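Trainee: need coordinates for the below:
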Amino acid sequence: MHEMSLAMGVLQLVEDAAREQRFERVRTVFLEIGELAAVEPEAMRFCFDAVMSGTLADGSKYAQSAYITADGDWPLYVSMYVGKGSVMSWLTFTNLANSDVSGNLVWIKQSGASATSYPAGFTIGTKAVGSAYVMPLDLGKALNLSGAVVGFSGGNLPAAFNNVVSINAGGQVVNLSPNTMSFRITKNSGLFTGEVQDPTSNQTFTFNGVVLQKQNAGYGTMNGSSLASRVVLAAP
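Mentor: Now for the predicted structure:
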């Protein structure tokens, strides 16, 4: 269904325009579909209702579109690993104190789905959280933090470790710890990327994640040889 890729492209255009104009919410989008566009309006409407794409903690990319009910419920199901796994949930868009999304989520990866990443497979159940993102002004910050700690734990790391950082005007993250680390927050989207040197093994790893403004923190993952480590940016 190529309508899904078109819907994702339209969503990106709307998000870019909203950031440029500093809109906090887009209520309506009008699309004009030409007779020779080879697009089914009903299929386009279905895909445009809710489109999601992202990257799981093992590095796998996914995309899904679905209807959202009048009550704000979203049936989430993504088939993964060529039929050897899935991500599923019944999410609800809400307005809680620390999240704009609620629901129980299940992530399944069967044994043998990958020869290198979690080869034994797993089944994980967790609560979903999320946050609407408001782009800060030029000298503003994505998170209301000045001093913070970036924690790295689990996965293939021989030991957990923390890096102390300061977050300056404009969202610049400065590493204050002796081991090398770079940390970049994309102001337009709230996504972050970086590299860090493990002080125990001296290996350098890349990581990525996203800030959740309602939690005033950032969460992400760092892939090792076979397992993923947790990355948390938060107040000390």
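Trainee: pLDDT-wise, which helix or strand of the chain ranks last?
Mentor: Using mean pLDDT, DSSP states H and E, helix 41-49 stands out as the lowest-scoring helix or strand of the chain, at a mean of 60.
Trainee: average pLDDT for stretch 109-126, rounded please.
Mentor: Averaging pLDDT along stretch 109-126 yields 94.
Trainee: let me fix that: stretch 186-204
Mentor: Taken as a whole, stretch 186-204 has a mean pLDDT of 95.
Trainee: same question, stretch 215-235
Mentor: 96.
Trainee: now swap in stretch 60-78 and tell me
Mentor: For stretch 60-78, the mean confidence score works out to 81.
Trainee: tell me the buried residues in it?
Mentor: 60, 64-66, 73-74, 76, 78 (16 or more other C-beta atoms under 10 Å). In this view, the C-beta of every residue, glycine as well, is placed from N, C-alpha and C.
Trainee: roughly how far out does that stretch sit from the chain middle?
Mentor: Mean-position distance between stretch 60-78 and its chain equals 15 Å (C-alpha atoms, centre = their mean, to the nearest Å).
Trainee: ends of it, how far apart?
Mentor: End-to-end distance for stretch 60-78, by C-alpha to C-alpha, to the nearest Å: 12 Å.
Trainee: same check, this time on stretch 153-164
Mentor: One end of stretch 153-164 sits 15 Å from the other (C-alpha to C-alpha).
Trainee: report the buried residues of it.
Mentor: Within stretch 153-164, the residues scored as buried using 16+ other C-beta under 10 Å are 155-157, 161, 163.
Trainee: taking these one by one, which sit in helices?
Mentor: Per DSSP state H, helices hold no members of these.
Trainee: tell me which two of the buried residues of stretch 60-78 sit farthest apart.
Mentor: 60 and 73 (25.2 Å; C-beta to C-beta).
Trainee: give me the packing partners of the strand or helix carrying residue 108, helices and strands only.
Mentor: Taking DSSP states H and E as the criterion, residue 108 maps to strand 104-109. Counting by 3 or more C-beta pairs under 8 Å, 6 or more residues apart in numbering; DSSP states H and E, the packing neighbours recorded for strand 104-109 are strand 73-80, strand 85-93, strand 122-127.
Trainee: 7 Å instead?
Mentor: strand 85-93, strand 122-127 (3 or more C-beta pairs under 7 Å, 6 or more residues apart in numbering; DSSP states H and E).
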